[in-house]
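Novice: could you look at this predicted model? Sequence included:
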Amino acid sequence: MKKIVVLLLFCSFSAFSQDSDSLVIRKIYNEILSKGEAYKTLTYLSKKIGPRLSGSDGAAKAVQYTKKVMEEYGFERVFLQDVMVPHWVRGQKETAFIETGKQKINVPIAALGGSIATPIAGIKAEVIEVKNFEELEALGTEKVKGKIVLFNRPMDATKINTFEAYGGAVNQRGNGASQAAKYGAVGAIVRSMTTLQDDNPHTGGMRYATGVPMIPTAAISTNGANLLSKMLKENPKLKFYFKQSCESLPDAPSHNVVGEIKGTEKPDEIIVVGGHLDSWDLAEGAQDDGAGCVQSIEVLRALKALGIKPKRTIRVVMFMNEENGLRGGTKYADLAKQNNEKHIAAIESDNGGFTPRGFGMVGTDAQISKVTVYKNLLSAYDLKEIGRGSGGADIGPLGQQGTLLIGFKPDSQRYFDFHHAKTDTLEAVNERELNLGAASMAALVYLLDKYGL
Ligand SMILES: [Zn+2]
């Protein structure tokens with residue numbers, strides 16, 4: 001008898017709790033879907049500030065602007081963290097053409113971030129096409145020396161998750177130049193990381209390996225890569241010309257921007273929600289990652305507007321320099337360690353502001369299982385993919401401290417249409433989808449805060 005009473009009490013308590021949670025989550029969605037301000041903030045960031053590559057004026061303006069937005073929302077503490085960042089500049093617009101006999105056909109390229117310039121007169125050489133580093137190695141110095149290597153392995157269009165397709169192709173962009181230089185190449189041209197067939201080069205970061213000569217490298221549009229490949233089959237002796245004037249300037253001072261609301265019961269337990277404020281120089285950086293930044297600010301704005309007083313400390317972080325250095329994310333984790341801060345969870349939104357699907361996590365089984373129990377509450381909002389996955393680049397360094405890393409996971413089908421290309425503008429972002437993402441993150445923050453990990 002006694003047992004039954006206890007059981008009944010327990011059941012009604014947990015049902016009550018679940019009820020109240022679902023009501024609060026409903027309110028969070030209502031607030032953001034009807035009064036959300038993320039799109040307004042994104043509009044300013046995209047249209048009034050625009051490109052925000054590390055070290056640029058745009059990046060500095062974005063720091064001041066997002067700080068001001070957070071202050072105006074009345075977040076309890078808004079502060080900057082100093083961080084030195086790489087300062088790479090593109091210089092003049094690149095030119096490139098394919099030359100066969102008397103014919104010259106211009107093709108769109110964009111220098112890869114971190115690349116050196118070509119000589120002022122440009123580089124003209126024969127081209128050798130490869131699909132991967134194994135093919136390059138098999139060709140060896142004899143076939144590669146003095147040539148421009150075309151890395152032309154497309155993103156695999158058959159992958160359902162486009163991030164997997166990206167992951168399967170992006171080593172050409174990151175390491176292609178140094179791989180090619182090992183065999184004496186004079187330049188590296190890399191097929192753009194997109195499944196679209198279009199004329200926009202998609203830039204992105206690259207790194208030179210130590211002990212290998214540095215050669216200039218650029219992304220070519222997918223149409224350009226297809227044309228060059230086709231023409232090479234007809235005339236393997238054709239020449240490719242490219243010219244770029246990018247350079248790496250000395251490191252520049254910059255900042256992460258942090259806003260927080262202190263917890264009422266466990267202020268020492270911190271939950272981070274963030275995105276990266278820097279963006280490539282070719283576009284407005286609306287999807288990558290203006291969306292993640294404004295969604296993160298919106299999380300705290302909405303919780304505050306609803307009068308939800310978190311038990312734990314909630315922090316919004318605009319990380320600097322994800323694109324070409326990750327200095328901001330690294331600095332944030334270093335400071336957290338120095339200051340003995342305990343971060344129980346960190347959520348990053350850096351996969352675009354598209355329709356939410358769920359969250360991917362990096363952590364222990366015990367940590368992850370504490371979040372998967374929220375599936376029944378969140379699936380009503382189409383958040384159905386909640387489980388092990390990938391967190392995010394900026395929050396990655398916090399993983400060493402045992403923080404549960406959570407990556408917000410939107411639909412991935414269109415992200416690489418815009419990624420690192422001039423098409424990544426405000427117009428690429430749908431306001432409702434953006435708000436749904438912010439609401440998803442706010443709902444999860446609410447649950448993580450209430451129940452801990
Ligand atoms: Zn990004």
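Specialist: Sure thing, it's come through. Bear in mind the structure is a predicted one, so any value in this text is a computation, not a measurement. Numbering: from 1, shown residues only.

Novice: list the contacts of the strand or helix carrying Ala138.
Specialist: Assessed by DSSP states H and E, Ala138 sits inside helix 133-144. Where contact means CB atoms under 8 Å, 6 or more residues apart in numbering, the residues beyond helix 133-144 that reach it are Ile128, Val130, Val149, Asn171, Asn175, Gln179, Ala180, Tyr183, Gly184, Ala185. C-beta: built from backbone N, CA, C; applies to glycine.

Novice: mind redoing it with 10 Å?
Specialist: 128-130, 132, 145, 147, 149, 151, 153, 171-172, 175-176, 179-186, 188 (CB atoms under 10 Å, 6 or more residues apart in numbering).

Novice: give the PyMOL command for selecting the buried subset of the residues you listed.
Specialist: In PyMOL, this line selects whichever of these come out buried by 16 or more other CB atoms under 10 Å:
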select buried, resi 128+129+130+132+147+149+151+153+172+175+176+179+180+181+182+183+184+185+186+188
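
Novice: what packs against whichever helix or strand Val83 is part of?
Specialist: Using DSSP H and E, Val83 sits in strand 77-89. For strand 77-89, the elements it packs on are helix 57-72, strand 247-261, strand 312-319, helix 327-338, judged by 3 or more CB pairs under 10 Å, 6 or more residues apart in numbering; DSSP states H and E.

Novice: wait, which of those is closest to the ion?
Specialist: With CB to the ion as the measure, strand 312-319 is the member of those nearest the ion (9.7 Å).

Novice: run the chain-centre distance for that closest one.
Specialist: 17 Å (CA atoms, centre = their mean, to the nearest Å).

Novice: can you tell me which residues in the stretch 151-300 of the chain are near the ion?
Specialist: Proximity of the stretch 151-300 of the chain to the ion (CB under 5 Å from the ion) is limited to residues Asp288, Asp289.

Novice: how about the helices in the stretch 151-300 of the chain?
Specialist: Here the stretch 151-300 of the chain has its helices, by DSSP state H, counting those that start in this stretch, at 162-167, 171-182, 222-234, 291-305.

Novice: verify the contact between Gly101 and Glu234 for me.
Specialist: No: taking contacts as CB atoms under 10 Å, Gly101 lies outside contact range of Glu234: 11.5 Å.

Novice: of the helices of the stretch 151-300 of the chain, which stretch is the most buried?
Specialist: Comparing these by mean neighbour count (mean count of other CB atoms under 10 Å), helix 291-305 ranks first with a mean of 28.

Novice: count of residues packed around whichever residue of the stretch 301-450 of the chain sits closest to the ion?
Specialist: Residue nearest to the ion within the stretch 301-450 of the chain (CB to the ion): Asp350, separated by 4.3 Å. When neighbours are defined as other CB atoms under 10 Å, Asp350 has 22 of them.

Novice: how many other residues sit next to Ile395?
Specialist: So Ile395, with other CB under 10 Å, has 28 neighbours.

Novice: mind putting the helices and strands packed on strand 77-89 into CSV with distance to Leu42?
Specialist: Formatted as CSV, the helices and strands packed on strand 77-89 follow (distance: least, CB to CB, whole Å):
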stretch, distance to Leu42
helix 57-72, 11
strand 247-261, 15
strand 312-319, 13
helix 327-338, 19
